[in-house]
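1. Structure of the sequence below:
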Amino acid sequence: EAYGNAKTVRNNNSSRFGKFVRIHFGPTGKIAGADIETYLLEKSRVTYQQTVERNYHIFYQLLSNAIPELNEVLLVSPDPGLYSFINQGALTVDGIDDVEEMEMTDVCCIKRGITQSTNLPIDPFFLSAEYFFLHPIPFDEIHYQYTKKNPLRIPRIPGFSFRSSSIFLSRRTLSDVDDPF
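-> Prediction:
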């Protein structure tokens, strides 16, 4: 839930996941099967929130200082007001304790085998923390390339090569309606 729930105008802990049910019909017109796809309803929430809303809970949990050594390793300050992708809306939510929620998220991740302590190649907390450092990335408006005026300060993620991925972070992609990529 930490990765898929957020505060909305109507609900403090609203699931932002959707489900798409595809029904398959046989040659006679009878139902032959079905499949369900789960997807994230609001990708735009990652970069923009209304003033009464909040981004996905995981970002505030990571900054809650529930695990102080994690903040040190991730190179983050426990103040969500410092990060422009998450400080546009509400920073806290009535009835949600980000410290307690982060502790539960951490325990769940350990139990499910998806955190650093289980030797996964890339820890999801590290990947989530990368998000704090991606804005604002200064671009040269003429060449649409990253300018080195303000070098990116990004923590080292075990198993992740920033160098090989830097092209995705340092080149703005422009596309038009007819270009699917």
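
2. Which of the helices or strands spans Glu37?
-> strand 31-40 (DSSP states H and E).

3. ugh, typo on my part, it should be Tyr48
-> If you go by DSSP H and E, Tyr48 is not part of any helix or strand.

4. Can you pull out the low-pLDDT segments for this protein?
-> Scanning the chain for pLDDT under 70 picks out 40-41, 43, 115-122, 134-181.

5. can you pull out the helices in the protein?
-> 57-62, 68-74, 98-112, 124-130, 162-170 (DSSP state H).

6. most neighbours per residue, which of those helices?
-> Of all the helices of the chain, helix 57-62 carries the top mean neighbour count, a mean of 25, counting by mean count of other CB atoms under 10 Å. Bear in mind the C-beta positions are built from the backbone N, C-alpha and C, glycine included.

7. Alpha carbons of it, in CSV - could you do that?
-> C-alpha atoms of helix 57-62 as CSV (Å, rounded to 0.1, in the frame of the first residue of the first chain):
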residue,chain,number,x,y,z
HIS,A,57,2.9,7.4,1.0
ILE,A,58,6.3,5.6,0.5
PHE,A,59,8.0,8.9,-0.2
TYR,A,60,7.0,10.4,3.2
GLN,A,61,7.7,7.2,5.0
LEU,A,62,11.2,7.1,3.7
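
8. Against which helices or strands is that helix packed?
-> Contacts defined by 3 or more CB pairs under 8 Å, 6 or more residues apart in numbering; DSSP states H and E place helix 57-62 against helix 68-74, helix 98-112, helix 124-130.

9. Thanks again, I'm all set now.
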